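Asker: give me a model of this one.
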Amino acid sequence: MNTTKPVEYDAYYHIYNRGINGADIFRREDDYLRFLRLYDEYIVHIADTFAWCLMKNHFHLLVRILAEDEIQYMKPKEGDKRIYPEKKKYNPSRQFAHLFDAYAKAFNFRYERTGALFETPFRRIKITDEQYFKQVVFYIHNNPVKHGFVENLIDYPWTSYLTIISVKPTCLQREKVLGWFNSKAEFIEYHKKGD
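Answerer: Got it, this is the predicted structure:
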């Protein structure tokens, strides 16, 4: 029986998960890109994203689930013939499940496999301590270094670190993250020191 509580509205979470039995969930570059495209499709309606990291067999996200009055009403996709009830809002916990299901179906099709891809339920830690935000952002970005994929986190392309230090337009909550570190320079320095 699944007794995991649904994610709460207007709350910050470190969300993470891995492949079943630690199996790889990303095998090629376009797998990472597909996950990010699906993430944009399913999660933008229900959460703000502050940091992320995709590793071969797991991922980490730092998000704020939107307040209930911030969440959009569901609309059918173009060509969708299903009838949607009026005034039905996206359900945050279900949106994450839809993301993982959609990615698993594409992955299974591509690699001719069947069955579950991710462990269930997806793991989450509710964050209530402001100081902890900085530690979680660093932890997420430093994951490739911690696991020996690169020596310097700037060399790993599948985290939000490069997006945060960039000036390119993004949906990532860049300014809020930099605010937690007081400036871009302090953000970079914190990540170099590994505090």
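Asker: spatially central residue for the protein, please.
Answerer: Leu61 (3.6 Å; C-alpha atoms, centre = their mean).
Asker: what sits against it?
Answerer: 13-16, 49, 51-52, 140 (C-beta atoms under 8 Å, 6 or more residues apart in numbering). C-beta: built from backbone N, CA, C; applies to glycine.
Asker: partners of the strand or helix carrying it in the sheet?
Answerer: Assessed by DSSP states H and E, Leu61 sits inside strand 58-65. As defined by DSSP bridges, the strand partners of strand 58-65 come to strand 11-18 (antiparallel), strand 47-54 (antiparallel).
Asker: residues of the helix or strand just after it that come out buried?
Answerer: Using DSSP H and E, the helix or strand that follows strand 58-65 in sequence is helix 92-110. By 16 or more other C-beta atoms under 10 Å, the buried positions in helix 92-110 come out as 92-93, 95-104, 106-107.
Asker: how far off centre is the strand holding Leu61?
Answerer: With C-alpha atoms, centre = their mean, to the nearest Å as the basis, strand 58-65 stands 4 Å off its chain's centre.
Asker: got it, and stretch 144-159?
Answerer: The mean C-alpha position of stretch 144-159 is separated from the chain mean by 17 Å, C-alpha atoms, centre = their mean.
Asker: burial of Lys168, as a residue count?
Answerer: Counted with other C-beta atoms under 10 Å, the neighbours of Lys168 add up to 7.
Asker: helix/strand/coil for it?
Answerer: coil (DSSP: H, G, I helix; E, B strand; the rest coil).
Asker: so what pLDDT did it get?
Answerer: pLDDT for Lys168: 92.
Asker: out of the contacts of Leu61, who has the most neighbours?
Answerer: Ala51 (24 neighbours).
Asker: quickly list what the closest residue in space to that one that isn't next to it in sequence is bridged to.
Answerer: Nearest residue to Ala51, sequence neighbours excluded (C-beta to C-beta, 6 or more residues apart in numbering): Leu62, at 4.1 Å. On the basis of DSSP bridges, Leu62 is bridged to His14, Ala51.
Asker: kind regards, and thank you for your time.
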